[in-house]
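J.: Sequence unavailable; structure follows:
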Ligand code: EPU
């Protein structure tokens, strides 16, 4: 297992190009199961989760061709329809194969995804959605089997589905049900559909494959099923979470960083909170009439002292839960008391204990944490617990006085492409070492 050793205190300076979005890429790859034609994705990030999805799809009869950041997937063996626990336990997004498999192959058996450090991750909404499309679902020995109705020629049938749960919509659940409905007979309406840009991206690939979908990016998505889907070539959207992470890393070090391929339009809530903190993100050349886009070039401007703010995570277009830990790291050095409330995964606070080890002053009360800004953080050995908590600890380490040793960085490799290399290029003192 690898660790990062970070010597904090160096301002980041330079340019970063944002990679393709992990959370779009994984369900996009699963959509290749809907056709026997080639699906080509461009701008695929080099992440361990992507490699896990490639392995899973190989066991499901998909051939893969790789060329740089381009991947072509082609379903060549539709007799394979069992997604094994060994692959499913490493990556929750594997559940996204269930909808495409049952829609295209009539039946599928997929292991329940494993538990997760950020709290309970049920799949009841995925199953509710597929049942509403007529699938018969059984659970046995940790595996879900879904079968399309025989009285409909082995095809799913359209239905009206409410996909909201106690914490709002479900991102991967929407991708799963929408993908399945694309090949169902009749019309499907998903209410309380996820509005996340990554799910919109999945819908756009499906449309390119021949699906008939309207309402993408809104809480009501309508899908008119078609008999067959074909191949397509699709550019993966830039990763808004990677983008937000590098903004916060630049800001906390008082650096001067330009970000390319920056999806400003997807980051409204995060940029609004950052603006209150004293961090602005905008292009150099048109500060006044700037229309936020999907692939902007922007520069991060950070105040010398940060204002404390209230942050509440919510489904998109609210503040993303996947930037909560990074934002908390930034607020540890703000001038006063900030409050962060987590409304998507109320237990997603494993970074708090590690930030305390670095001298932060944080009090957690249920799904909220009060962060009292300190003058400076101090380096310490800390443990990565999950992907975004680890990103928060890197941000803290970049600003801290002294040395921070971040253990178990394999969590980071799931979602950030060679993060230490990117940070080194910006002047950070960070190196990857083998854990002793
Ligand atoms: N939920 C249910 N039942 C379900 C599904 C979800 O109650 O069947 C609940 C969850 O427990 C949570 C809420 O609904 O409270 C939202 O969860 P969602 O289903 O949207 O999460 P997800 O689709 O499994 C994706 C991302 C996560 C991200 C969440 C929320 C991928 C691979 N994962 O997960 O990303 O936090 O949406 O935006 O797309 C990460 O990248 O670090 C990460 C965890």
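T.: On my side now, so go ahead. Keep in mind it's a predicted model, so treat the numbers as computed, not measured.
J.: Pull up the residues of this protein that are close to the ligand.
T.: Contact residues (C-beta under 6 Å from any ligand atom) of the chain with the ligand: 23, 26, 92-93, 120-126, 165-167, 170-173, 321-322, 344-345, 387-388, 415. (Each C-beta comes from the backbone N, C-alpha and C, glycine too.)
J.: switch the cut-off to 5 Å
T.: Residues of the chain lying close to the ligand by C-beta under 5 Å from any ligand atom are 23, 93, 122-125, 165, 167, 170-173, 321-322, 387-388.
J.: If any of those residues are buried, give me the PyMOL selection for them.
T.: Selection command for PyMOL covering only the buried members of the residues of the chain next to the ligand, criterion 16 or more other C-beta atoms under 10 Å:
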select buried, resi 23+93+123+125+170+171+172+173+321+322+387+388
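J.: least trustworthy position among the residues of the chain next to the ligand, going by pLDDT?
T.: Minimum pLDDT across those is recorded for residue 122, with 89.
J.: gap between the nearest residue to that one once chain neighbours are set aside and residue 174?
T.: Using C-beta to C-beta, 6 or more residues apart in numbering and skipping the chain neighbours, the partner closest in space to residue 122 is residue 165 (7.9 Å). Residue 165 sits 11 Å away from residue 174, going by C-beta to C-beta, to the nearest Å.
J.: right, and residue 366 touches residue 346 too?
T.: Yes. Using C-beta atoms under 8 Å, residue 366 is in contact with residue 346, at 7.1 Å.
J.: Quick check on these two: which one has the bigger neighbour count.
T.: residue 346 (18 against 10; other C-beta atoms under 10 Å).
J.: so who does the more buried one touch?
T.: When contacts are counted by C-beta atoms under 8 Å, 6 or more residues apart in numbering, residue 346 touches 119, 167, 366, 367.
J.: Could you dump these into a markdown table with secondary structure added?
T.: Below are these laid out as a markdown table (DSSP: H, G, I helix; E, B strand; the rest coil):
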| residue | secondary structure |
| --- | --- |
| 119 | coil |
| 167 | coil |
| 366 | coil |
| 367 | coil |
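J.: for the residues you listed, which one is nearest the ligand?
T.: Nearest to the ligand among the contacts of residue 346: residue 167, at 3.4 Å, using C-beta to the nearest ligand atom.
J.: Quickly find the element holding residue 324.
T.: Using DSSP states H and E, residue 324 sits in helix 324-331.
J.: tell me which residues of that helix are tucked away?
T.: For helix 324-331, the neighbour count (16+ other C-beta under 10 Å) marks 324, 325, 326, 327, 328, 329, 330, 331 as buried.
J.: The stretch 101-250 of the chain: strands as residue ranges?
T.: Using DSSP state E, counting those that start in this stretch, the strands found in the stretch 101-250 of the chain span residues 107-111, 136-140, 143-147, 160-162, 187-191, 212-214, 220-224, 232-235.
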